[in-house]
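> mind looking at a prediction? Sequence and model below.
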Amino acid sequence: MRGVLIVHKGRIVYETYPGMLQTDSHVTASASKVFAGLVIDKLIEEGLVEEGAPLGSYVAEFEGSAWENIPVVDVLDMSTGLDAIDGPAYFADPTNISARLLTAEMGDSDESMLDVLLDAKPTADPGSGFTYSSTATQALVLLAEAASGEPWAQIFDSRIWAHVKSDGSVQAHMTPDGIAIAHGFMSIGLRDLARYGMLYTPSQDQVTVGEIVTSEIIERTRSRGRTAEWYRNGPSAKKFMERLGDASVRGAGRQWDAIWEDGDFFKSGLNTQGIYVSPDRDLVIVYFAVDPTQQFQKYLRPLATSGLFEE
């Protein structure tokens, strides 16, 4: 474990750094996917994106591809129905879309990130089940840039991070052709990750200048329309429930991995980084680690529901 931080009602109640300095930035891995989800929600509030509209109506490059007619909301909720799926078995197959995406964005391939995205093929109807994929996050990056006419990092900064009373910047690492790798290659300090989580809590005003996450965004994040049946109908839910040691997860949405019936939500990165948010308890738990065998994520839900953080 590199670092753990718990914030309740805007106050740090636990903080430890056994493997890093408080001032260090740390790679988020997939925990940063929720940044991309919030960016789209901000553009929805501005009227620049309609979540029911097809992706191809914004991103010209997607016209004629399998992405063209997928509704924005199904990309947000990882329900594209495409053959791009994240996971160790898929990453180990060099012909898989998800594996090719990683090699392309690292510059280890003759393909570009967009080339790989355009090669995805449908295997199910959009919206039919939870299919976890970094390609969905990268499609959101292209959507944000097309809808706003701005680079993704600038969108994130102007709509979100410039208004946060942060210790430092969020570093967005780029593909060789200049696309932000928002699905995982971003870096942030642990306290700043906690501040991001606090945007979804009643203590948001302690870390922001003005409101960033509205009550409407929180409700959309909780994805009430995504049922347990939808979650389990896709190929990805089982691994997240096993990772958490919790079969009570109701669903997922807005790039978050797990959402419970009480409205709490969780996002992980390679099983070694994580952010748990309980808006109703005004609670945020964040952590960084580098050991994929660690099991800290299994304590998050029991800790949140232990009664320690109730009124």
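Nice, thanks for sending it over.
> neighbours of the nearest residue to P18 once chain neighbours are set aside, just the number please.
Distances taken as CB to CB, 6 or more residues apart in numbering place M1 nearest to P18, at 5.6 Å, with adjacent residues excluded. For the C-beta atoms, the positions are set from N, CA and C on the backbone; glycine is no exception. For M1, the tally of surrounding residues (other CB atoms under 10 Å) stands at 16.
> give me the phi and psi for G107.
Its backbone dihedrals place G107 at phi 80, psi 20, with angles given as degrees, to the nearest 10.
> pretty sure the residue nearest to P18 contacts M20?
No: under the contact definition of CB atoms under 8 Å, M1 does not touch M20, with a separation of 9.5 Å.
> okay, and the common contacts of the two?
Common neighbours of M1 and M20 (criterion: CB atoms under 8 Å, 6 or more residues apart in numbering): F288.
> ok, and the helix or strand in this structure with the lowest average confidence?
Least confident helix or strand of the chain, by mean pLDDT, DSSP states H and E, is helix 88-91 with a mean of 83.
> which residues touch it?
Residues outside helix 88-91 that contact it (CB under 8 Å, 6+ apart) are N96, S98, A99, L102.
> go with 10 Å
The list of residues contacting helix 88-91 from outside it, by CB atoms under 10 Å, 6 or more residues apart in numbering, reads 83-85, 96-99, 101-103, 133, 235, 239, 292.
> how about the helix or strand just after it: buried residues?
The first helix or strand that comes after helix 88-91 along the chain, using DSSP states H and E, is helix 97-105. By 16 or more other CB atoms under 10 Å, the buried positions in helix 97-105 come out as I97, S98, A99, R100, L101, L102, A104, E105.
> need those residues in TSV (columns: pLDDT and distance to V75).
Listed next are these as TSV, based on pLDDT from 0 to 100; distance: CB to CB, whole Å:
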residue	pLDDT	distance to V75
I97	91	15
S98	91	15
A99	91	20
R100	94	19
L101	93	15
L102	91	19
A104	93	19
E105	91	18
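> let me know the closest of the residues you listed to L308.
For those, the residue nearest L308 by CB to CB is S98; the value is 38.3 Å.
> next, count neighbours for E261.
Here the count is done by other CB under 10 Å, and E261 has 12 residues near it.
> read off the pLDDT value for L270.
Model confidence at L270, expressed as pLDDT, equals 82.
> next one: the closest residue in space to it that isn't next to it in sequence from D282, what distance?
Of all residues beyond its chain neighbours, the one nearest L270 is A29 (4.4 Å), with distances taken as CB to CB, 6+ apart. Distance from A29 to D282, counting by CB to CB, to the nearest Å: 26 Å.
> picking up where we left off before, so for the residue nearest to L270, what's the pLDDT?
In the prediction, the pLDDT value recorded for A29 is 91.
> go ahead and confirm it touches T272.
Yes: the pair A29 and T272 qualifies as a contact (CB atoms under 10 Å) at a distance of 6.7 Å.
> more neighbours: which of those two?
The residue with more neighbours, out of A29 and T272, is T272; 23 against 20, by other CB under 10 Å.
> so that one is in contact with G184, correct?
No: between T272 and G184 there is no contact, the gap being 11.4 Å when judged by CB under 10 Å.
> for the two, list the residues in contact with both.
Each of V27, A29, S30, A31 lies in contact with both T272 and G184 under the rule CB under 10 Å, 6+ apart.
> which residues in the chain form strands?
For the chain, applying DSSP state E gives strands covering 3-8, 11-16, 25-27, 171-172, 186-189, 251-253, 256-259, 265-269, 273-278, 283-288.
> which residues of the stretch 51-200 of the chain fall in helices?
Using DSSP state H, counting those that start in this stretch, the helices of the stretch 51-200 of the chain run over residues 72-76, 88-91, 97-105, 113-118, 134-148, 152-159, 190-198.
> now these in JSON lines, with distance to T221?
Written out in JSON lines, the entries for the helices of the stretch 51-200 of the chain read as follows (distance: least, CB to CB, whole Å):
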{"stretch": "helix 72-76", "distance to T221": "10"}
{"stretch": "helix 88-91", "distance to T221": "26"}
{"stretch": "helix 97-105", "distance to T221": "24"}
{"stretch": "helix 113-118", "distance to T221": "25"}
{"stretch": "helix 134-148", "distance to T221": "14"}
{"stretch": "helix 152-159", "distance to T221": "16"}
{"stretch": "helix 190-198", "distance to T221": "12"}
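> nearest to S166, of those helices?
helix 190-198 (4.8 Å).
> what's the average pLDDT for the closest one?
Per-residue pLDDT values over helix 190-198 give a mean of 98.
> report the angle between that helix and strand 273-278.
Our comparison of helix 190-198 with strand 273-278, counting by axes from the mean of the first three to the mean of the last three CA atoms, to 10 degrees, yields an angle of 40 degrees.
> how far off centre is helix 190-198?
14 Å (CA atoms, centre = their mean, to the nearest Å).
> tell me the angle that helix makes with strand 265-269.
With the same axes, to 10 degrees applied, the angle from helix 190-198 to strand 265-269 works out at 140 degrees.
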